[in-house]
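just to be clear, the model below is a prediction. Sequence and coordinates:
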Amino acid sequence: MKFFNREKEINEILSILEGEPNFIYFVYGPINSGKSTLIREIISNKLDKSKYIPFFIDFRARNIVNVDNFIECLFEVDEKSNIDDFREYAKSLADLLIKGSEELTNYYLGMPIKIPKPFFDKIFNKKDKSGDVYQYIEYLFAKLNEKGKKPILIFDELQMIKEITLNGNRLLLWSLFQFLVTLTKVQHLCHVFCISSDSLFIEYVYNAGELEDRADYILVDDFDKETALKFMDFLAKEILNKNLTNEEKEKIYSYVGGKPVLIYKVIDKMRYKDLEDILNTMIRDEISKLEMFLEKLDYITPKVEIENEIIELKKEDIVEALKIFKDKYIIHKREISTPVYIYLVKKNILFLNPIDGNLKPQSYLVWNAIKRVL
């Protein structure tokens, strides 16, 4: 299927790339709003390939519990290479990428950073691995800059490494951030984008003093109503080879709002199911999930951790917080106690925009379930 819309976000990111690297950019938004799809579309189809080389590190499919797992995600090991001097290998890799070979084409599909096996093995035999890892990346990016190519380093679902420590003390995440600041604000070697659907992680980063004036934020939200209706027209022609009536489009929007993946799901199922049945099944499923969530609160004591303190919550406080959304789709986080909204965000019922401090259900479908259950 062809990529749809997001021209505003595409133009913003392309404008960033035209400038000098100075910030770490955090791309955030509700679950399934299209953040990763947007970045991959830019990499594959929008970049000026004479200027940029992207490196895509995807943490979403890996269980990352230690530094070794993190390093394995960063790199694609070149099993054929016997070079153990990272400088020599970085020079040859930079030359290979400059020539416009098949190797370069693969990078535009979203590849990690290539590394020679002897050097990779050497890193794993060391107690402190991060220094060598960062030194290799920095050297490779410097060589690409010398040859007129600007690297773009992309981390998808970066929050997956939030709890990992280096040598049992300092957090790997903050070591990485300091390195990324060196690549961007200090040496201007590389553009950096960190993608996350974890809004509490974005809030954590946003409020951290270490990245003040060193980071910026790009919201990739669900479609507004006008765009959502156009997306329905686009999908109907692509999938159903027909036009939807205004009544059908309004009905779909009233159930699923502007969530791209849900709009696609509805219209794809219209190939073989009645629209009313599709929407009723979806809302029944969402209601069932919410009812099960609330029923479990009768048997467990929900807890959240805030600044190393475990706070116990009451079911009635969670229910009262959700009731606020019966009449509102968006509220300010001050309307709900911090432990309660943290719990509801962790459970993927609410989405927090830490930049403006607003809370809303993760989707219209969730919102509809809240209104019907409560």
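Structure received.

can you give me the helices for the stretch 201-350 of the chain?
Here the stretch 201-350 of the chain has its helices, by DSSP state H, counting those that start in this stretch, at 225-235, 246-256, 260-269, 275-296, 315-323, 338-346.

looking at those helices, which is nearest to Glu138?
Comparison of these against Glu138 by C-beta to C-beta identifies helix 338-346 as nearest, at 35.3 Å. All C-beta spots, glycine's among them, are computed from the backbone N, C-alpha and C.

name the nearest residue to the residue lying farthest from the centre of the chain, sequence neighbours excluded.
Most distant residue from the mean C-alpha position of the chain: Asn82, 35.4 Å away (C-alpha atoms, centre = their mean). For Asn82, ignoring the flanking residues on the chain, the nearest one in space by C-beta to C-beta, 6 or more residues apart in numbering is Pro118 at 6.1 Å.

for Val77, see how far away the one you found is.
Distance, Pro118 to Val77, using C-beta to C-beta, to the nearest Å: 10 Å.

rewinding a little: I'd assumed Asp121 was in contact with the residue farthest from the centre of the chain.
No. Applying C-beta atoms under 8 Å as the test, Asn82 and Asp121 come out as separate, 11.1 Å apart.

got the domain ranges for the protein?
Domain assignment for the chain by automatic domain parsing gives 7-219, 225-273, 293-373.

okay, the ones you listed in TSV with distance to Asp285 and mean pLDDT next?
Shown next, in TSV, are the domains of the chain (distance: least, C-beta to C-beta, whole Å; pLDDT from 0 to 100):
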stretch	distance to Asp285	mean pLDDT
domain 7-219	15	87
domain 225-273	11	96
domain 293-373	9	95
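
make a markdown table out of those domains and add distance to Arg284.
A markdown table is the format used below for the domains of the chain (distance: least, C-beta to C-beta, whole Å):
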| stretch | distance to Arg284 |
| --- | --- |
| domain 7-219 | 20 |
| domain 225-273 | 11 |
| domain 293-373 | 9 |
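
can you give me the neighbour number for the closest residue to Gly357 other than its chain neighbours?
Closest residue to Gly357 apart from its sequence neighbours, by C-beta to C-beta, 6+ apart: Lys333 at 5.1 Å. Neighbour count for Lys333, taken as other C-beta atoms under 10 Å: 19.

list the residues that contact Lys333.
Neighbouring residues of Lys333 by C-beta atoms under 8 Å, 6 or more residues apart in numbering: Tyr341, Leu352, Gly357, Asn358, Leu359.

which parts of the stretch 1-150 of the chain are helices?
Per DSSP H, counting those that start in this stretch, the stretch 1-150 of the chain carries helices over the ranges 7-18, 35-41, 67-74, 86-98, 102-107, 117-124, 130-146.

columns distance to Thr281 and mean neighbour count on top of the ones you listed, output as CSV?
Listed next are these as CSV, based on distance: least, C-beta to C-beta, whole Å; neighbours: other C-beta atoms under 10 Å:
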stretch, distance to Thr281, mean neighbour count
helix 7-18, 32, 14
helix 35-41, 25, 20
helix 67-74, 37, 18
helix 86-98, 49, 18
helix 102-107, 41, 14
helix 117-124, 49, 16
helix 130-146, 48, 19
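
could I get the contacting residues of Asp156?
Residues in contact with Asp156 (C-beta under 8 Å, 6+ apart) are Ser36, Ile39, Phe56, Ile57, Asp58, Phe59, Arg60, Ile195.

now, these that are in strands?
Cross-referencing the contacts of Asp156 against strands under DSSP state E gives Phe56, Ile57, Asp58, Ile195.

between those, which is closest to Ala208?
Out of those, the member with the shortest distance to Ala208 (by C-beta to C-beta) is Ile195, at 17.9 Å.

could you measure that closest one against Ile113, distance?
17 Å.

now Leu313
Using C-beta to C-beta, we find Leu313 at a distance of 43 Å from Ile113.

what do you get for Val345?
The gap separating Val345 from Ile113 is 32 Å, by C-beta to C-beta.

and the nearest residue to Lys326 once chain neighbours are set aside, how many neighbours?
Once flanking residues are discounted, Lys326 sits nearest to Lys371: 5.4 Å by C-beta to C-beta, 6+ apart. Lys371 has 15 neighbours, counted by other C-beta under 10 Å.

cool, Leu275 as well?
18.

who are the contact partners of it?
Glu248, Lys251, Ile252, Val266.

of those residues - the most surrounded one?
Ile252 (23 neighbours).

what residues are up against that residue?
So Ile252 contacts Met232, Leu244, Ile263, Val266, Ile267, Leu275, Leu279 (C-beta under 8 Å, 6+ apart).

from those residues, keep the buried residues only.
Among the contacts of Ile252, those classed as buried by 16 or more other C-beta atoms under 10 Å are Met232, Leu244, Ile263, Val266, Ile267, Leu275, Leu279.

of those residues, closest to Phe223?
When the buried ones among the contacts of Ile252 are compared for distance to Phe223 (C-beta to C-beta), Ile263 wins out at 7.8 Å.

which residues sit in contact with the closest one?
The neighbours of Ile263, taking C-beta under 8 Å, 6+ apart as the test, are Phe223, Ala228, Phe231, Met232, Leu235, Ile252, Val256.

and which of these is nearest Ile13?
Using C-beta to C-beta, those come closest to Ile13 at Phe223, 17.7 Å.

quick one: Asn45 from Glu248, how far?
31 Å.

circling back to that earlier point, now the buried ones among the contacts of Ile252 in TSV, with distance to Asn145?
Output for the buried ones among the contacts of Ile252, formatted as TSV (distance: C-beta to C-beta, whole Å):
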residue	distance to Asn145
Met232	44
Leu244	49
Ile263	41
Val266	47
Ile267	45
Leu275	53
Leu279	52
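
nearest to Phe3, of those residues?
Nearest to Phe3, judged by C-beta to C-beta, of these is Ile263 at 14.5 Å.

mark which of the contacts of Asp156 are buried, thanks.
Among the contacts of Asp156, those buried by neighbour count (16+ other C-beta under 10 Å) are Ser36, Ile39, Phe56, Ile57, Asp58, Phe59, Ile195.
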